[in-house]
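Asker: coords below, sequence missing:
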DNA sequence: TTTAGTACACTTTTT
DNA sequence: GTGTACTAAA
């Protein structure tokens, strides 16, 4: 059966004993506990190749599930590489849980009789929020303390546990007003989804499990087909995903035991799961690492294999990771062993900066250094929350270092892209209310709030979709003549799009039609602004993506599903020299040089986690994940103060820093840092975190260490420190844009500070005064703090909003 | 109805 | 600092 024995068995030469054992465990339940960097993906990909080439399993019988699209893509290409390019009758299915569900539901959802048909729309985050917003309005719930998020997360919680709206309202311990409101929104939310023939992300999983549980013939179909199910990152599985896997693998609806050991069941069949308890970082999203702990009980006869040999990192990095994770109580003991030839490696480098700008500037400089020394090395900056990315972007841009950023808003989240996609979604499913509401008036065609409210009111009465409501609203003369006319035209265009879809017209043609026939592109062209220009470019990019997808043989349906589920797949470019992303996104990746930034209490561990031990332990696991991404060099940084919501706040070093072994750390901070304090408290004069500010930073590009000048002088208040820096900057110490933290930083794009001196006149700026700015044009001073050249000015520029300046730095002209 | 301007709420982490 | 939601005027 073997098509290429020498290649198929090549893993025996390249994998270690344990890995080989895992690869060759062909049948039955298998649990692989794989530490970070222990070759987990290698094991899965080699096993797929082994099953196909050596055991003779037809590829289509193999299902490999990953947690992210990134991982799925990676695995696919690695499997392809292993299998070679020879033609095969089929390929293994490598997909995320969610896209697997879409696949199943697009085929079989109608068997559920749940009022949904296979043309269902997927509502993403944004759609969900809009829906909740609209429901709150309908129900007259005007509660500011109930944000969309605060409603959606309990709804998701309840849905995933099979709790109905009524059940949610009747929870034993909860009878508050708030719960009652959420229950009402929940109820309406579900109705509106059904009305729109739509499902949310949770539904994808829930409906699939429902289908497999209640429809034996459907279950049998998938059970027969997927004889080898593999799950990566198993520690991140939630109860529903686990049940799905169990149903497919065992064809049994019995809960606790996917099987008492039954040799017949496991003949030519396996359930192969790979995970690491220490890397469980998604419990906030319902994942439960107890599942991995309980796996052996659920599946009698489970073969368990531990991979502890790490191939990724230096001894130093592993020691740090091992020590930090030891602080967790909830875990299985496990130690990562370094590979001898990785060596001890460099020490971990630590840097304490005065503020967040200084941190970013340090990181930018070090990255530049690394790239100069070895242009091929890849660097990554890992932060806890997305909002931290901005400063690093600025710092890199200033240095002309190209970078790649993952997360934040993706291409598919841009308004214009979402608009075009909404047209397409609407063409596919005319009942998609969120798509309808989104595009009915973009470009503006005179269908405003009043018309929409009229439609919405009637819709509630009739209990049908908006699309279906419009003709009735027109009949009842609820619409202004203008709106009615516009709506007729709008519906004609959408219907013609829909016809194109029905007629199976080429994907790229339909997408082009959605940009042109709708008047969307024309409206943007007429705007003649820079912004409209960039939107047009994005739309062009979307059309290109459609052409590309068409070449791949995708249908419009595939294309749209992709947009809903794969929001950031393309964002991570494996060959990018510099990448910025959250620690969460970094799971599964590795980099020669890693910067973990913002190691501050309240930020990391995040303040929301501070209250509970389990949550702090999850943060610590996240820290462990972050550390173990590093192959050779690891940098840890934190800032003594940073702006949160525009307000400055002092911060303390993260507890995780304390948990790392001192002897592995090399302190690069200028002046007395917290680390030196930790080392020998007597060497450190200051009291409290602000006392250290003299350590400063606004670190210099020249290696001259001036810190000795400042030791012994401590600044115990933020003002004192500010004064200190102001003195220094005016003394001409400024050599770079990041020099000297300015109390009120001017806009980053402001390049005029060099000319500031000449622009500044003795006359005072005052509130209400009209000024002109090189970049923003005319504006009005709305706030004026302080006097003279140090005064902080808040200026409102029409079109740009409020900008803050320090009088002497800002090139402001009176006008 | 639209748009411009102002007030304000917001920051975990993601399919 | 930023994006969004509400409001006042065109």
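Answerer: Nice, I can see it. Not measured: the values here are computed from a predicted model.

Asker: let me know the pLDDT of residue A:768.
Answerer: Looking at residue A:768, its pLDDT stands at 54.

Asker: grab the nearest non-local neighbour of residue A:617.
Answerer: Nearest residue to residue A:617, sequence neighbours excluded (CB to CB, 6 or more residues apart in numbering): residue A:328, at 4.7 Å. For the C-beta atoms, the positions are set from N, CA and C on the backbone; glycine is no exception.

Asker: got the phi/psi numbers for the one you found?
Answerer: phi -80, psi 140 (degrees, to the nearest 10).

Asker: quick one, what contacts it?
Answerer: Neighbouring residues of residue A:328 by CB atoms under 8 Å, 6 or more residues apart in numbering: A:278, A:617, A:620-621.

Asker: max-length strand in chain A?
Answerer: strand A:630-644 (DSSP state E).

Asker: buried residues in the helix or strand that contains residue A:103?
Answerer: Secondary structure assigned from DSSP states H and E places residue A:103 in helix A:97-108. Residues of helix A:97-108 classed as buried by neighbour count (16 or more other CB atoms under 10 Å): A:97-102, A:104-105, A:108.

Asker: is that helix positioned near DNA strand B?
Answerer: Yes - counting by CB under 7 Å from any atom of the strand, DNA strand B has neighbours in helix A:97-108: A:97-99.

Asker: parallel or antiparallel, list what pairs with whatever helix or strand comes next after that helix.
Answerer: Later in the chain than helix A:97-108, the nearest helix or strand by DSSP H and E is strand A:121-123. Strands adjacent to strand A:121-123 in the sheet, as given by DSSP bridges, are strand A:198-200 (parallel).

Asker: pass me the low-pLDDT residue ranges in the stretch 651-800 of chain A, would you?
Answerer: A:679-800 (pLDDT under 70).

Asker: check whether stretch A:651-665 contacts DNA strand B.
Answerer: No - Stretch A:651-665 lies apart from DNA strand B when judged by CB under 7 Å from any atom of the strand; the minimum separation is 13.1 Å.

Asker: burial measure for residue A:499, as a count.
Answerer: Residue A:499 has 11 neighbours, counted by other CB atoms under 10 Å.

Asker: can you tell me how far it is from residue A:605?
Answerer: 55 Å (CB to CB, to the nearest Å).

Asker: equivalent analysis for residue A:592, please.
Answerer: Separation of residue A:592 from residue A:605 (CB to CB): 27 Å.

Asker: before we move on, what about residue A:305?
Answerer: Separation of residue A:305 from residue A:605 (CB to CB) stands at 32 Å.

Asker: just residue A:62 next, same as before
Answerer: Per CB to CB, residue A:62 is found 39 Å from residue A:605.

Asker: same thing with residue A:599?
Answerer: Counting by CB to CB, the gap from residue A:599 to residue A:605 is 10 Å.

Asker: show me which of these two is the more surrounded one.
Answerer: A direct count of neighbours by other CB under 10 Å for residue A:599 and residue A:605 places residue A:599 higher, at 26 against 23.

Asker: correct me, but the more buried one touches residue A:655?
Answerer: No - using CB atoms under 8 Å, residue A:599 is not in contact with residue A:655; the gap is 9.2 Å.

Asker: ok, stretch A:391-411 near DNA strand C or not?
Answerer: No - using CB under 7 Å from any atom of the strand, stretch A:391-411 stays clear of DNA strand C, with a minimum separation of 8.1 Å.

Asker: close to DNA strand B, is that stretch?
Answerer: Yes - interface with DNA strand B: stretch A:391-411 contributes residue A:407 (CB under 7 Å from any atom of the strand).

Asker: and what of stretch A:159-169?
Answerer: No - Stretch A:159-169 does not reach DNA strand B (CB under 7 Å from any atom of the strand); its nearest approach is 10.4 Å.

Asker: what comes up buried for that stretch?
Answerer: Neighbour counts over stretch A:159-169 (16+ other CB under 10 Å) mark A:159-160, A:163, A:165, A:168-169 as buried.

Asker: and those residues, which two are the farthest apart?
Answerer: With CB to CB as the measure, no two of these lie farther apart than A:160 and A:169, at 17.2 Å.

Asker: check whether the residue of the stretch 351-500 of chain A found nearest DNA strand C sits in a helix, strand or coil.
Answerer: In the stretch 351-500 of chain A, the residue that lies nearest DNA strand C is residue A:390 (6.5 Å; CB to the nearest atom of the strand). Secondary structure state of residue A:390, per DSSP: H, G, I helix; E, B strand; the rest coil, is helix.

Asker: poorly predicted segments of chain A, please.
Answerer: A:1-10, A:85-87, A:144, A:172-175, A:255-261, A:408-410, A:566-574, A:679-815.

Asker: any idea what the most centrally placed residue in it is structurally, helix, strand or coil?
Answerer: The residue lying closest to the centre of chain A (CA atoms, centre = their mean) is residue A:407, at 4.6 Å. Secondary structure, three-state DSSP: residue A:407 is coil.

Asker: repeat that for residue A:89.
Answerer: Residue A:89 ends up coil, using three-state DSSP.

Asker: quick one: residues contacting whichever residue of the stretch 501-650 of chain A sits closest to DNA strand B.
Answerer: Closest contact between the stretch 501-650 of chain A and DNA strand B, by CB to the nearest atom of the strand, is at residue A:584 (3.4 Å). If a contact means CB under 8 Å, 6+ apart, then residue A:584 has A:281-282, A:622 as its contacts.

Asker: please tell me how far the residue nearest to residue A:204 when sequence neighbours are not counted sits from DNA strand C.
Answerer: Nearest non-adjacent residue to residue A:204, counting by CB to CB, 6+ apart: residue A:101, 4.1 Å away. When CB to the nearest atom of the strand, to the nearest Å is applied, the distance between residue A:101 and DNA strand C equals 28 Å.

Asker: so who does the nearest residue to residue A:463 once chain neighbours are set aside touch?
Answerer: Closest residue to residue A:463 apart from its sequence neighbours, by CB to CB, 6+ apart: residue A:195 at 6.8 Å. Shown in contact with residue A:195 (CB under 8 Å, 6+ apart): A:431, A:433, A:463-465.

Asker: buried ones among those?
Answerer: Buried among the contacts of residue A:195 (16+ other CB under 10 Å): A:431, A:433, A:465.

Asker: what about the first one, which SS state?
Answerer: The three-state label for residue A:431, taken from three-state DSSP, comes out as coil.

Asker: and it, its phi and psi?
Answerer: phi -90, psi 0.

Asker: nearest residue to it other than its sequence neighbours?
Answerer: Leaving aside its chain neighbours, residue A:431 sits nearest to residue A:465 (3.7 Å; criterion: CB to CB, 6+ apart).

Asker: just list the residues touching that neighbour, thanks.
Answerer: A:195-197, A:430-433, A:436, A:459.

Asker: got the phi/psi numbers for it?
Answerer: Torsion angles, degrees, to the nearest 10, at residue A:465: phi -70, psi 170.

Asker: distance of it relative to residue A:450?
Answerer: From residue A:465 over to residue A:450 the distance is 20 Å, taken as CB to CB.

Asker: ok now the strand or helix carrying residue A:321, how far from the chain's centre?
Answerer: Taking DSSP H and E as the criterion, residue A:321 maps to helix A:315-326. Chain-centre distance of helix A:315-326: 26 Å, with CA atoms, centre = their mean, to the nearest Å.
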